[in-house]
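> coordinates for the following, if possible.
(one chain, ligands or ions: 2)
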Amino acid sequence: MLSIENLSKVYQNGTHAVGGLDLSVEPGAIVAIVGASGCGKSSLLRIIAGLELASSGVVKIDGIPLDGPHDRIGVVFQEPRLLPWLTVKQNVGFGLAHLPREERLYRAELALLLVGLSNKANAWPRELSGGQAQRVAIARALVSRPDVLLLDEPFSALDAFTRADLQRHLLEIWRGSESQPTMIVVTHDLDEAVALADRIIVMRPDPGRIIAELPVNLARPRH
Ligand code: ADP
Ligand code: ADP
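Ligands and ions are numbered 1, 2, ... in the order given. Next comes the predicted model:
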């Protein structure tokens, strides 16, 4: 269980990006967070990821507070952010530096199999399409088998066809994972939220807070 308790973020310039936000997400749930630009979605995600400090409040997994980046949490950004001087497989295994080389490459291969890109393991990032590069970013986020996968506008930079493709693909990847991670997807695209999520949470700015949760058709087959 991921729980966010009374989370606030005030930036140094005084912007109150998140104000006293509470959210609990059941293991394996897929939650979409929607809301106008500037309502604090990215700030919230970066704090959960440990990339940004909260001003107050706490983020816990199974009751244990997280401080700083953590391998129980994987993150996918809008751009793939692959390292151009490493192959696809090396990029995916990059975060596993604590493991022996063999184990690292084996896990990277498994993650690439999961996203359907085994045939690109030895390719360079510049040789990939935008959609393929984003699938590599998903593999990199999943390689440490995180409990929680955070995605910040993951498909917004892609054309409409690739976007629809990857939305479908993300659910296949999620189903195919050894244990389905909790997913939190920030998006400004309501159709994307409906396509992906069990729960849709709406935020409002000044300060960033949850104002509503939209009902989603829970009968939609997922397994
Ligand atoms: P969203 O992802 O919903 O667009 P953000 O979390 O990016 O919202 O931003 C929330 C508010 O915080 C906005 O007013 C934004 O300008 C401000 N903000 C975001 N990052 C910073 C920062 N590093 N320093 C100051 N203000 C910031
Ligand atoms: P977005 O606009 O998609 O929210 P940003 O470029 O604003 O993304 O960056 C989001 C956060 O990720 C920032 O806190 C930034 O410091 C951090 N970040 C930027 N580049 C990287 C990277 N290569 N690896 C990890 N974190 C990064």
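> start to end distance for stretch 5-20?
Length of stretch 5-20, first residue to last, C-alpha to C-alpha, to the nearest Å: 8 Å.
> flag every buried residue along it.
In terms of neighbour count (16 or more other C-beta atoms under 10 Å), stretch 5-20 has its buried residues at L7, S8, K9, T15, H16, A17, V18, G19. Yep, even glycine has a C-beta here, placed from its N, CA and C like the rest.
> what sits opposite the residue most central in space within the chain in the beta ladder?
With distances taken as C-alpha atoms, centre = their mean, L150 lies nearest the centre of the chain, 2.0 Å away. Beta-bridge pairing for L150 (DSSP bridges): V75, I184.
> what residues does it make contact with?
L45, I48, A49, I73, G74, V75, V76, M183, I184, V186 (C-beta atoms under 8 Å, 6 or more residues apart in numbering).
> one more time with 6 Å
L45, I48, A49, V75, I184 (C-beta atoms under 6 Å, 6 or more residues apart in numbering).
> in TSV: these, plus neighbour count.
Converted to TSV, the contacts of L150 look like this (neighbours: other C-beta atoms under 10 Å):
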residue	neighbour count
L45	21
I48	24
A49	21
V75	22
I184	28
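> let's have these in CSV, adding distance to ligand 1.
Formatted as CSV, these follow (distance: C-beta to the nearest ligand atom, whole Å):
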residue, distance to ligand 1
L45, 8
I48, 12
A49, 12
V75, 14
I184, 13
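> near ligand 2, from the residues you listed?
Subset of the contacts of L150 in contact with ligand 2: empty, counting by C-beta under 6 Å from any ligand atom.
> assess the claim that A139 and A111 are in contact.
Yes: counting by C-beta atoms under 6 Å, A111 is a contact partner of A139 at 4.0 Å.
> okay, and the common contacts of the two?
Any residue near both A139 and A111 by C-beta under 6 Å, 6+ apart counts here, and that gives V92.
> surely L23 is within a helix?
No: using DSSP: H, G, I helix; E, B strand; the rest coil, the secondary structure at L23 is strand, not a helix.
> how near is it to ligand 2?
18 Å (C-beta to the nearest ligand atom, to the nearest Å).
> when you give positions from now on, start the count at 9
Okay, using 9 as the starting number, the last item reads as L31.
> for that residue, give the beta-bridge partners.
I12.
> burial of it, as a residue count?
L31 has 19 neighbours, counted by other C-beta atoms under 10 Å.
> with the one 4 residues further on instead?
P35: 14 surrounding residues under other C-beta under 10 Å.
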